[in-house]
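Student: Mind looking at a prediction? Sequence and model below.
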There are 2 protein chains.
Amino acid sequence: MDFQDHYANMAVVVRHTAQREPVVEVLEAIYSRHAMRDYAPEMPVTETIQSLVKAAVQAPSAMNLQPWAFAVVRGRDRLTSISDPAKAHLLRTMAAGSPLSSLRERLADPSFDIFYGAPVLIIICATSSEAGASEDCALAAQNLMLAAHSEGLGTCWIGLARPWLNEAMAKEELRLPTGYAPVAPIILGYPKGQPEVHPRQDPEIVWIGE
Amino acid sequence: MDFQDHYANMAVVVRHTAQREPVVEVLEAIYSRHAMRDYAPEMPVTETIQSLVKAAVQAPSAMNLQPWAFAVVRGRDRLTSISDPAKAHLLRTMAAGSPLSSLRERLADPSFDIFYGAPVLIIICATSSEAGASEDCALAAQNLMLAAHSEGLGTCWIGLARPWLNEAMAKEELRLPTGYAPVAPIILGYPKGQPEVHPRQDPEIVWIGE
């Protein structure tokens, strides 16, 4: 049994066992977590979502300011009510030559759901305009995605949602304080299909000294 | 290098250090990793640093652009040559009322080393000006810090270094391309003292729908 099979089996076990201790090793989690874009409709329970948020905020933050808040959007109708205006907003505002322009056709397709059928969207918001607050939210996001993975849940950071979520109208709809800046829109749910595995380039390392 | 190789390398490194047992479980790593500001002088071997960078880039990135590069600065003299101008830069540029102003006295102290005696500084740089590149670097940073922790190594994101590292003069000294933007200056080394444990506030969760 190779590593992939081992993990696939483990995910099944986790899904069928309510609220148990995590079993995934940290390096294994880092290497085996991939973006999930195919979800079962089952809603993770509230306690699971709370525990993921709690894991998220174990991340460090500049000056320990913990400049984050979490909006948890649940239910397909609610997610569609974000996906549709987010797509329209991108099509209106996309800069020529942006990497996003390759997505123009998909964004114009009314059947394209930028949240891929996930039942939950967790939006990590920066609650401070101090330098580094959005990076602190991203640190929390990686914790959240790894913790979700360790519990057999899939995630994907949906950058496509970010521009619209930062519009005043969106914050009003979601009843988010105007001073909050959505940074990390992360979908969450139980995987239905296989995750997308994107190979990594060899990272560039510049060695300085010694 | 795949996960198995990575893990095999780790085992070798761990055997050669009498620091402590490795932390292997992902939630345990997320909860037990704290900022380390007290380091032994021993230099982590090159292979260990490479394996941490490899773990870092397993993070997701917007449009899979992988907009990151890693500068690895080694040796106390080199780190001091960054700490000193970084402190002077902060004192020159600090805005009134910034949370940093509580650090004014320490920054003016010539004996204060913003890198806390660590033997290594890894600077994760955004290689793209696309929106989200700095957050992608932060995702990689959290992977790197968790992977280091799992191997018994301490880390701390030194936000104090970031403003100076983004100055043209600093990039020239470090021979970084002018288009690279240092995002995450992370010190690395074997812990000497205990980590600093900062309690977390209960995170704010806004529930929307269902």
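Tutor: Everything's here; your move. Numbering: from 1, shown residues only, chains lettered A, B, ... in the order given.

Student: Just say helix, strand or coil for the residue positioned nearest the centre of chain A.
Tutor: Centroid-nearest residue in chain A: A:Ile186, 2.1 Å away (criterion: Cα atoms, centre = their mean). Following DSSP: H, G, I helix; E, B strand; the rest coil, A:Ile186 is assigned to strand.

Student: ok, it to A:Gly159 distance?
Tutor: Noted for A:Ile186: a distance of 10 Å to A:Gly159, by Cβ to Cβ, to the nearest Å. Every residue, glycine included, has its C-beta placed from N, CA and C.

Student: How about A:Arg76?
Tutor: In terms of Cβ to Cβ, A:Arg76 sits 21 Å off from A:Gly159.

Student: Between those two, which has more neighbouring residues?
Tutor: With other Cβ atoms under 10 Å in any protein chain shown as the criterion, A:Arg76 and A:Gly159 differ in neighbour count, and A:Gly159 comes out ahead with 20 against 17.

Student: What's the first helix or strand after the helix or strand of chain A with the lowest mean pLDDT?
Tutor: Least confident helix or strand of chain A, by mean pLDDT, DSSP states H and E, is helix A:3-15 with a mean of 40. Counting by DSSP states H and E, the element after helix A:3-15 in chain order, helix or strand, is helix A:26-32.

Student: Which strands or helices does that next one pack on?
Tutor: For helix A:26-32, the packing partners by 3 or more Cβ pairs under 8 Å, 6 or more residues apart in numbering or on different chains; DSSP states H and E come out as helix A:3-15, helix A:133-150, helix B:3-15, helix B:26-32, helix B:46-56, helix B:133-150.

Student: any idea how far it is from the chain center?
Tutor: 17 Å (Cα atoms, centre = their mean, to the nearest Å).

Student: now swap in stretch A:89-105 and tell me
Tutor: Offset of stretch A:89-105 from its chain centre (Cα atoms, centre = their mean): 21 Å.

Student: looking only at pLDDT, what's the mean for the helix or strand harbouring A:Cys125?
Tutor: Under DSSP H and E, the secondary-structure element containing A:Cys125 is strand A:120-126. Mean pLDDT, strand A:120-126: 98.

Student: Next, the angle helix A:133-150 makes with that strand.
Tutor: Here strand A:120-126 runs at 150 degrees with respect to helix A:133-150, directions being taken by axes from the mean of the first three to the mean of the last three Cα atoms, to 10 degrees.

Student: Can you tell me the strand partners of strand A:120-126 and which way each runs?
Tutor: Each strand paired with strand A:120-126, and its direction, by DSSP bridges: strand A:68-74 (antiparallel), strand A:181-189 (antiparallel).

Student: Any regions of chain A where pLDDT drops low?
Tutor: For chain A, the stretches with pLDDT under 70 are A:1-23.

Student: give me that answer again for 80
Tutor: Across chain A, the ranges flagged by pLDDT under 80 are A:1-24, A:210.

Student: Verify the contact between A:His58 and B:Ile30 for me.
Tutor: Wrong residue type there; residue A:58 is Gln, not His. Yes. A:Gln58 is in contact with B:Ile30 according to Cβ atoms under 8 Å; the separation is 5.0 Å.

Student: And the two? Which one has more around it.
Tutor: Each of A:Gln58 and B:Ile30 has its neighbours counted (other Cβ under 10 Å); B:Ile30 has more, 27 against 19.

Student: which residues does the more buried one contact?
Tutor: Residues near B:Ile30 by Cβ atoms under 8 Å, 6 or more residues apart in numbering or on different chains: A:55, A:58, A:143, A:146-147, B:146.

Student: Of the residues you listed, grab the buried ones for PyMOL.
Tutor: In PyMOL, this line selects whichever of the contacts of B:Ile30 come out buried by 16 or more other Cβ atoms under 10 Å in any protein chain shown:
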select buried, (chain A and resi 55+58+143+146+147) or (chain B and resi 146)
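
Student: What is the nearest of the contacts of B:Ile30 to A:Trp207?
Tutor: Nearest to A:Trp207 among the contacts of B:Ile30 is B:Leu146, at 23.0 Å by Cβ to Cβ.

Student: My read is that the closest one contacts B:Ala29, right?
Tutor: Yes. Assessed by Cβ under 8 Å, B:Leu146 is found in contact with B:Ala29 at 5.0 Å.

Student: okay, and the common contacts of the two?
Tutor: Common neighbours of B:Leu146 and B:Ala29 (criterion: Cβ under 8 Å, 6+ apart): A:Val26.

Student: on that earlier part again, would you mind finding the most buried of the strands paired with strand A:120-126?
Tutor: Most buried of these, by mean neighbour count (mean count of other Cβ atoms under 10 Å in any protein chain shown): strand A:181-189, with a mean of 25.

Student: in stretch A:48-59, what counts as buried?
Tutor: Buried, per 16+ other Cβ under 10 Å, within stretch A:48-59: A:48-49, A:51-59.

Student: One more: stretch A:126-145?
Tutor: So stretch A:126-145, judged by 16+ other Cβ under 10 Å, has buried residues A:126-128, A:130, A:132-145.

Student: Tell me who's in contact with A:Leu146.
Tutor: Contacts of A:Leu146 (Cβ under 8 Å, 6+ apart): A:26, A:29-30, A:33, A:55, B:26, B:30, B:146.

Student: rerun at 6 Å
Tutor: A:29, B:26 (Cβ atoms under 6 Å, 6 or more residues apart in numbering or on different chains).

Student: Can you tell me which of the buried residues of stretch A:48-59 is closest to A:Ile82?
Tutor: Distance to A:Ile82, by Cβ to Cβ, is smallest for A:Ile49 among the buried residues of stretch A:48-59, at 17.2 Å.
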